[in-house]
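[1] I would like the atomic coordinates for the input below:
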Amino acid sequence: MLPPDKNKLFSKSTTIEQKYIVIKRKDNISLEHTNPFIIKKSIDYTCGGEVDKCKTTRAGTLLVLTKNTQQAEKLLKITKIGTIDVEAKEHKSLNETKGIIYCNLLRYVTEEEILDELKSQKVSHVYKWTKMVDQTRVPTGLITLTFATTNLPEKVMIGYEVVFTRPYIPRPMQCKKCLRFNHPQTFCKQENPTCKNCSDNTHTSDSIECRQEPKCINCRNNHSSLDKKCPVFLKEQELIAIKITERVDHKTARSIYLARHNPSQESSYSQTLKNTTHTAISTKIPEDQPQSTPAKEIKATTNSIDDLLKELDNKIKKTNNPPKRTSLTYELYDEDEDMDFITSYDSQKPSTSANARILRSQTKAKSTLSKTLKAKEQKTNPTNANNLKQTQTNH
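    You can find the predicted model right below:
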């Protein structure tokens, strides 16, 4: 009896597998100024329906994300967008995913043999991790598998063994010249290399050992720029993990990271006013309750104003005297698409500018709320305006 066909075992998700297709003009002219309605009609007609996403890249090409492999196969045959001659092909890297497995049974099996046996499971590349033991490379059992699919399989079959996969998280890209992140050495704009120990770029030499105090070029702390415990390195590593696991771009990953580690405590003026107005509305007496006398109404209104003003006073006091804490605050600088992350150590309280913005916002909200409620009370009860004014003045 023949073993089951692995193509059938792992073909369940092929019908819903998405593909990235790149469309460009044959004369290599940008598609940036092409009529977007004609682009949509041409792509929808070719694919037999709407695709998932389509956007113009900086290179002037179209990057299309299809809903399934059927749309991708049809879109690869497109030859014209309106009257423009175009050609389509699959994206080189976006249609691949990398996973890592641990299998002790494959320690002494060659990469070529592993790839040949796992081709039926959409494995396109195999890399075995090794380590140095007594000046000899020894396999560790860790293997990185590249899959020709946009969805990482949960498991692979190694003979009769079921081995589970997990996403491969690469190390952050660090320039070997300036020692900053997110660009390689070939695109570095710095002329002289930076010292790995003291971050100086005037005395760097492979033959001279730096004896100055260590200083990181990224976080300015007292350690080498290549230290894997550097907070900037750890931040970059987590950003890569978010991009891979959440399948988002760098901008979205950065927003997720900031929401995790630096939740914003600053509330805008409009939001503060909205919250306080909602509180004021919620203090109204329901219609089904018996109506009170004018004196009781004035007292209830005064109490609600007192509560609201006290609440704002407490917020302002907390802003002026925040609890002591120790944290790392990151500031992001963008310059020519090279992102340099600079950290500042804050051992007492948040930055003065942040406190000032919060204080101005809450103080302004307090003043506006007080004036609004005062005008409303004068309009409804003009005879008791002086009592309300005296109550607000005390606060």
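
[2] where in the stretch 151-300 of the chain is pLDDT low?
    204-207, 263-300 (pLDDT under 70).

[3] what are the ranges of the helices in it?
    Applying DSSP state H, counting those that start in this stretch to the stretch 151-300 of the chain gives helices spanning 231-246, 250-261, 269-282, 294-320.

[4] Buried residues in the shortest one, which are they?
    Residues of helix 250-261 classed as buried under the neighbour-count rule (16 or more other Cβ atoms under 10 Å) are 253-254, 257. The C-beta positions use only the backbone N, C-alpha and C, and glycine is treated the same way.

[5] I figured residue 239 was touching residue 258, is that so?
    No - the pair residue 239 / residue 258 is not scored as a contact, 10.3 Å apart, by Cβ atoms under 8 Å.

[6] quick one: the nearest residue to residue 210 once chain neighbours are set aside from residue 217, how far?
    Spatial nearest neighbour of residue 210, excluding adjacent residues (Cβ to Cβ, 6 or more residues apart in numbering): residue 197 at 4.1 Å. The gap separating residue 197 from residue 217 is 10 Å, by Cβ to Cβ, to the nearest Å.

[7] Common neighbours of these two, please.
    residue 225 (Cβ atoms under 8 Å, 6 or more residues apart in numbering).

[8] Please identify which of the two sits among more neighbours.
    Neighbour comparison, residue 197 and residue 217: the larger count goes to residue 217, with 22 against 19 (by other Cβ atoms under 10 Å).

[9] what about residue 21, which SS state?
    Secondary structure for residue 21, judged by DSSP: H, G, I helix; E, B strand; the rest coil, is strand.

[10] what bridges to the residue nearest to it when sequence neighbours are not counted?
    Nearest residue to residue 21, sequence neighbours excluded (Cβ to Cβ, 6+ apart): residue 64, at 4.6 Å. Under DSSP bridges, the beta-bridge partners of residue 64 are residue 21, residue 54.

[11] I'd like the distance from residue 64 to residue 364, if you could.
    Counting by Cβ to Cβ, the gap from residue 64 to residue 364 is 48 Å.

[12] Can you check what pLDDT the model gives residue 36?
    In this prediction, residue 36 carries a pLDDT score of 93.

[13] Quick one: end-to-end length of stretch 106-122, please.
    18 Å (Cα to Cα, to the nearest Å).

[14] circling back: closest one of the buried residues of helix 250-261 to residue 171?
    Using Cβ to Cβ, residue 253 is the member of the buried residues of helix 250-261 that sits closest to residue 171, with 15.9 Å.

[15] From residue 34, how far out is the closest one?
    On the measure of Cβ to Cβ, residue 253 and residue 34 end up 30 Å apart.

[16] before we move on, what about residue 259?
    37 Å.

[17] Show me which residues of stretch 180-193 are buried.
    Here stretch 180-193 shows 180-183, 188, 193 as buried, counting by 16+ other Cβ under 10 Å.

[18] which two from these end up farthest apart in space?
    Farthest pair in the buried residues of stretch 180-193, by Cβ to Cβ: 182 and 193, 17.6 Å.

[19] hang on, the earlier thing: including distance to residue 57, could the buried residues of stretch 180-193 go into JSON lines?
    Listed next are those as JSON lines, based on distance: Cβ to Cβ, whole Å:
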{"residue": "180", "distance to residue 57": "25"}
{"residue": "181", "distance to residue 57": "23"}
{"residue": "182", "distance to residue 57": "19"}
{"residue": "183", "distance to residue 57": "19"}
{"residue": "188", "distance to residue 57": "24"}
{"residue": "193", "distance to residue 57": "32"}
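
[20] which among the residues you listed gets closest to residue 249?
    Using Cβ to Cβ, the buried residues of stretch 180-193 come closest to residue 249 at residue 182, 13.3 Å.

[21] Surely that closest one touches residue 173?
    Yes - under the criterion of Cβ under 8 Å, residue 182 makes contact with residue 173 at 5.9 Å.

[22] so residue 94, which of the three states?
    coil.

[23] Identify the residues contacting it.
    20, 150.

[24] so how far is residue 87 from it?
    For residue 94, the distance to residue 87 - Cβ to Cβ - is 18 Å.

[25] wait, isn't the residue nearest to residue 21 in contact with residue 40?
    No - using Cβ under 8 Å as the test, residue 64 is too far from residue 40 to be in contact (10.8 Å).

[26] Could you check which of the two is surrounded by more residues?
    Neighbour count, other Cβ under 10 Å: between residue 64 and residue 40, residue 64 has more, with 24 against 14.

[27] Show the pLDDT at the more buried one.
    Taking residue 64 on its own, its pLDDT is 93.

[28] which residues sit in contact with it?
    Going by Cβ under 8 Å, 6+ apart, the list of residues near residue 64 reads 20-23, 43, 51, 53-54, 75.

[29] go again using 6 Å as the cut-off
    21, 51, 54 (Cβ atoms under 6 Å, 6 or more residues apart in numbering).

[30] for residue 16, same thing?
    Residue 16 neighbours (Cβ under 6 Å, 6+ apart): residue 68.

[31] The helix or strand in which residue 43 is found packs against which elements?
    Per DSSP states H and E: residue 43 is located in helix 36-47. Under the contact definition 3 or more Cβ pairs under 6 Å, 6 or more residues apart in numbering; DSSP states H and E, helix 36-47 sits against helix 69-75.
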